[in-house]
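Visitor: below is the sequence, then the predicted model.
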Amino acid sequence: MTEASETARIDKPDAALRTGWTTGACATAATKAALTALITGEFPDPVEITLPRGETPAFPLAFETLGDGYAMAGIVKDAGDDPDVTHGATVVAAIRPLPPESGIRFRAGEGVGTVTKPGLPVEVGEPAINPVPRSMMMAEALALCEEAGLPADLEITISIPGGQALAEKTWNPRLGIVGGLSILGTTGIVHPFSCAAWIHSIHRGIDVARAEGLTHLLGSTGSTSEKAGQDFHHLPLGALIDMGDFAGALLKYLRAHPVERLTIAGGFAKMTKLAQGALDLHSGRSQVDMDFYLSLLPACGEELAKRIQSANTALEVLELTRENGIDLASLIAVQAREKAAETLRGAPVKIDILITDRQGTIIAHAE
């Protein structure tokens, strides 16, 4: 799921940028505060949570309500210096106990969307709460219940008042996420999205790696593909370049500052965009073209072609082709490698492409 805003990027090249918190981190903090109050009768304020990488930030509560058999807490999202559409929104968690053996269930409250189309990391009909935020909330809830000697049979309802209107500024409507925003985040931390600052950091990363004598660099679109690429090629930390969506910035700088080898690693959708010739992989600047997939599969059959053309996401297309015995990821990897090589315009850099799934498993490699 994605909540890329359609507004223009904001460049802040001359100042340090402040990080912020994802909606997933805020939802987790609100969940912990509400459940603590439901168990103990008191709200922790601020409330501290543990993020996936071990950080332990504390969040002040925006409001708190303790009623008969339920508790609610709200956190105002601070996105730092990122031009995030959800900055300043209040993320609310309401907790109530469920009958024995119910387990933990999630509900979409006001302003949180529901998934209506396949191809996303959450099943159709489920609240638009991504897997990592779910895991974060469950971990805090299980720990609190275990400490109190209580069963973890809970309903967790996440709301964002005003979220339905905010969602109109995101890609959610076209992805089939109706009724509001998504609860997102893989690390809990929002890194400011500044075009000039990010490109500057790419250039500096290349400069430092070259100065250290490193001859093989890895440009990745995110932390999952970065780890997969690092493990695959056994690369040192200094060889890792956080490319993000800026494939063009990485490749164009390497024209004039080449290294012997470059690996580009990313998920299937972003590598599809690179294969199409896009050099800015951000969802607000480039889109996956279903007809492009068909151009790679001239003999796929009329029925499959129709299903691909009507698919909601790149992931759905990948799953459809797998079901039909087609290794589309490898075809995309080859095309992405060709487009990257074209962008280098003859610079003496050997390129390979790694495509990973959401769990970090490598599903295609082209060299």
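Guide: In hand now; what should we look at?
Visitor: can you tell me how far the residue nearest to S220 when sequence neighbours are not counted is from T187?
Guide: Nearest residue to S220 in three dimensions, chain neighbours excluded: E226, at 3.7 Å (CB to CB, 6 or more residues apart in numbering). C-beta here means a position set from N, CA and C on the backbone, and glycine is covered the same way. To T187, E226 is 12 Å away according to CB to CB, to the nearest Å.
Visitor: the more surrounded of the two?
Guide: More neighbours surround E226 than the other of E226 and T187, with 22 against 16 (other CB atoms under 10 Å).
Visitor: quick one on the thing from earlier: was I right to think the residue nearest to S220 contacts M243?
Guide: No. Between E226 and M243 there is no contact under CB atoms under 8 Å: 9.0 Å.
Visitor: okay, and the common contacts of these two?
Guide: S220 (CB atoms under 8 Å, 6 or more residues apart in numbering).
Visitor: now do the strands in the stretch 201-350 of the chain.
Guide: With strands called from DSSP state E, counting those that start in this stretch, the stretch 201-350 of the chain shows them at 216-220, 240-242, 261-267, 350-356.
Visitor: give the other helices and strands that the second one contacts.
Guide: With contacts defined as 3 or more CB pairs under 8 Å, 6 or more residues apart in numbering; DSSP states H and E, the secondary structure elements packing on strand 240-242 are helix 195-211, strand 216-220, helix 223-233.
Visitor: redo these as CSV? Include distance to R96 and mean pLDDT.
Guide: CSV is the format used below for those (distance: least, CB to CB, whole Å; pLDDT from 0 to 100):
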stretch, distance to R96, mean pLDDT
helix 195-211, 42, 82
strand 216-220, 41, 97
helix 223-233, 34, 95
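Visitor: turn the ones you listed into JSON lines, columns for distance to R255.
Guide: As requested, those are exported to JSON lines (distance: least, CB to CB, whole Å):
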{"stretch": "helix 195-211", "distance to R255": "11"}
{"stretch": "strand 216-220", "distance to R255": "14"}
{"stretch": "helix 223-233", "distance to R255": "21"}
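Visitor: nearest to G103, of the ones you listed?
Guide: Between G103 and those, the tightest spacing by CB to CB is seen for helix 223-233, at 27.0 Å.
Visitor: could you name the helices and strands sitting against the closest one?
Guide: For helix 223-233, the packing partners by 3+ CB pairs under 8 Å, 6+ apart are strand 216-220, strand 240-242, strand 261-267, strand 350-356, strand 362-366.
Visitor: the first one pairs with which strands?
Guide: This points to strand 216-220. strand 240-242 (parallel), strand 261-267 (parallel) (DSSP bridges).
Visitor: quick one: low-confidence parts of the stretch 51-200 of the chain?
Guide: Scanning the stretch 51-200 of the chain for pLDDT under 70 picks out 192-197.
Visitor: show me the helices in it, by range?
Guide: With helices called from DSSP state H, counting those that start in this stretch, the stretch 51-200 of the chain shows them at 131-148, 163-167, 172-175, 195-211.
Visitor: now tell me what touches the first one from outside.
Guide: Right, helix 131-148. So helix 131-148 is in contact with 22-25, 27-28, 31-32, 35-36, 39, 49-52, 93, 104, 106, 121-122, 151-152, 154, 156, 183-186, 188, 358, going by CB under 8 Å, 6+ apart.
Visitor: tell me which residues of it come out buried.
Guide: V132, P133, R134, M136, M137, M138, E140, A141, L144, C145 (16 or more other CB atoms under 10 Å).
Visitor: what about the fifth one, distance to T170?
Guide: Just to be clear, that refers to M137. From M137 to T170 the distance is 22 Å (CB to CB).
Visitor: quick check: nearest residue in space to P118, chain neighbours excluded?
Guide: E316 (5.3 Å).
Visitor: ah, wrong one, I meant E123
Guide: V115 (6.8 Å).
Visitor: which ones are touching the one you found?
Guide: M1, V122, E123, V124, G125, E126, P127, A128, G176, I177.
Visitor: who are the contact partners of the second one?
Guide: Just to be clear, that refers to V122. By CB under 8 Å, 6+ apart, the neighbours of V122 are M1, V115, A128, I129, N130, P131.
Visitor: what's the closest of those residues to G267?
Guide: Of those, the one sitting nearest to G267 (CB to CB) turns out to be M1, at 12.8 Å.
Visitor: buried sites along stretch 59-74?
Guide: Those would be F59, L61, A62, E64, Y70, A71, M72, A73, G74, for stretch 59-74 by 16+ other CB under 10 Å.
Visitor: apologies, that question was intended for stretch 162-174.
Guide: Residues G162, G163, Q164, L166, A167, K169, T170, W171, N172 are the ones in stretch 162-174 that count as buried (16+ other CB under 10 Å).
Visitor: mind picking the two most distant members of the residues you listed?
Guide: G162 and W171 (18.2 Å).
Visitor: tell me how many other residues crowd the nearest residue to T321 once chain neighbours are set aside.
Guide: Nearest non-adjacent residue to T321, counting by CB to CB, 6+ apart: L328, 4.1 Å away. Neighbours of L328 under the rule other CB under 10 Å: 25.
Visitor: surely L328 meets L297?
Guide: Yes. L328 is within contact range of L297, at 7.2 Å (criterion: CB under 8 Å).
Visitor: list residues touching both of those two?
Guide: T321.
Visitor: roughly how far apart are H257 and E226?
Guide: 21 Å.
Visitor: circling back to that earlier point, just the ones of the contacts of V115 in strands?
Guide: I177 (DSSP state E).
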